[in-house]
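# Test case, fold it:
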Amino acid sequence: MKGVVISVFVVLAMVQFMVKPGQATVSCDEVNECLASCIPYLTSGAGNPPAQCCGGVGKLQKIAETTADKQAACNCVKQAAARIPSIKEDAASSLPAKCNVQINYPISKNTNCQE
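Take a look at the predicted model:
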């Protein structure tokens, strides 16, 4: 049993070292999954975002912890917004505030993600 516990710790340590510092671990698939339920709100701009959408915004904030992750998530958001031309910029930029979630980059197709 002791050998199994040590093996688990060794594997966990190896996984930690496999991700290079400064390398993003957030994928666009994850970002898209987080924000998919927000599309009806973002394209209509009416009312308030649904709870599932705000849950996704909160999840996005949690998975994008490092600077590299935030920049990667920002680029994914920007790409997704560009693919949906009917997104209302006002609804997109106010989404985090309406969900009471603070993310350090705006949801917009015009964002400079390197800042």
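
# Run a quick check on residue 109 versus residue 82, I expect a contact.
Yes. Judged on Cβ atoms under 8 Å, residue 109 makes contact with residue 82 at a distance of 4.5 Å. C-beta: built from backbone N, CA, C; applies to glycine.

# For those two, work out which one has more neighbours and name it.
With neighbours defined as other Cβ atoms under 10 Å, residue 109 and residue 82 compare such that residue 109 has more, 16 against 12.

# Roughly how far does the residue lying closest to that one once chain neighbours are set aside sit from residue 45?
Nearest residue to residue 109 in three dimensions, chain neighbours excluded: residue 81, at 3.9 Å (Cβ to Cβ, 6 or more residues apart in numbering). Distance, residue 81 to residue 45, by Cβ to Cβ, to the nearest Å: 13 Å.

# which one of these two has more residues nearby?
The residue with more neighbours, out of residue 81 and residue 45 and counting by other Cβ under 10 Å, is residue 81; that gives 20 against 14.

# give the contact list for the spatially most central residue of the chain.
Closest to where the C-alpha atoms of the chain average out (Cα atoms, centre = their mean) is residue 60, at 3.3 Å. Contact analysis of residue 60 by Cβ atoms under 8 Å, 6 or more residues apart in numbering lists 31, 34-35, 73, 103.

# Quick check: the gap between it and residue 46.
22 Å.

# now swap in residue 62 and tell me
For residue 62 relative to residue 46 (Cβ to Cβ), the value is 27 Å.

# Now do the same contact list for residue 77.
Neighbours of residue 77 in contact, by Cβ under 8 Å, 6+ apart: 31, 35, 105, 107-108, 111.

# low pLDDT regions in this structure?
Applying pLDDT under 70 to the chain flags the ranges 1-24.
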